[in-house]
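Novice: Here is a sequence together with a model predicted from it:
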Amino acid sequence: MKFEIGQEYIRPGLFGPSFWVRCMERTENTATFAQVGYEDDPDWTTLDVEHDNGTEVCECWEYSGAHGYIRADRRF
């Protein structure tokens, strides 16, 4: 699965709950996300696209050896 512009994905929270983000822009190696409801806010996040068993993922945080990923297949 791949990230697609306009589609919504779950971004896991680090110290708070997970929330929905929308893919706003896309290149071969990056995906840019905005929190749903805040798409007009210019503070979008661009992340590197990695692959996990045929599914695209973007690491959105790392803390004490744990990692949070936005997954194109929408699972946690």
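Specialist: Okay, I see it.
Novice: C-alpha from now on. contacts and neighbour counts both.
Specialist: OK.
Novice: list the contacts for residue 59?
Specialist: Contacts were defined as C-alpha atoms under 8 Å, 6 or more residues apart in numbering; by that measure residue 59 touches 47, 48, 49, 67, 68, 69, 70.
Novice: Most neighbours among those residues, please name it.
Specialist: Counting neighbours by other C-alpha atoms under 10 Å, the top entry in these is residue 70, with 24 neighbours.
Novice: bridging residues for it?
Specialist: residue 58 (DSSP bridges).
Novice: try residue 48
Specialist: residue 30.
Novice: That one and residue 58 touch, don't they?
Specialist: Yes - between residue 48 and residue 58 there is a contact at 5.9 Å, judged by C-alpha atoms under 8 Å.
Novice: Need the overlap of contacts for those two.
Specialist: Joint contacts of residue 48 and residue 58 (C-alpha under 8 Å, 6+ apart) are residue 31.
Novice: distance of the most far-flung residue of the chain relative to its centre from residue 14?
Specialist: For the chain, the C-alpha farthest from the mean C-alpha position belongs to residue 64; by C-alpha atoms, centre = their mean, that distance is 20.0 Å. Per C-alpha to C-alpha, to the nearest Å, residue 64 is found 11 Å from residue 14.
Novice: do residue 33 as well
Specialist: Separation of residue 33 from residue 14 (C-alpha to C-alpha) stands at 17 Å.
Novice: More neighbours: the two, which one.
Specialist: Between residue 33 and residue 14, counting by other C-alpha under 10 Å, residue 33 is the more crowded of the two (26 against 14).
Novice: And the more buried one, what's its pLDDT?
Specialist: According to the prediction, residue 33 has pLDDT 98.
Novice: quick one: contacts of the helix or strand hosting it?
Specialist: Element membership for residue 33, per DSSP states H and E: strand 30-35. For strand 30-35, contacts defined as C-alpha under 8 Å, 6+ apart pick out 3, 19-26, 41, 43-49, 58.
Novice: repeat that for 6 Å
Specialist: Strand 30-35 has contacts (C-alpha atoms under 6 Å, 6 or more residues apart in numbering) with 21, 22, 23, 24, 25, 44, 45, 46, 47, 48, 49.
Novice: For the fourth one, list the residues it contacts.
Specialist: The reference is to residue 24. When contacts are counted by C-alpha under 6 Å, 6+ apart, residue 24 is found next to 5, 32, 33.
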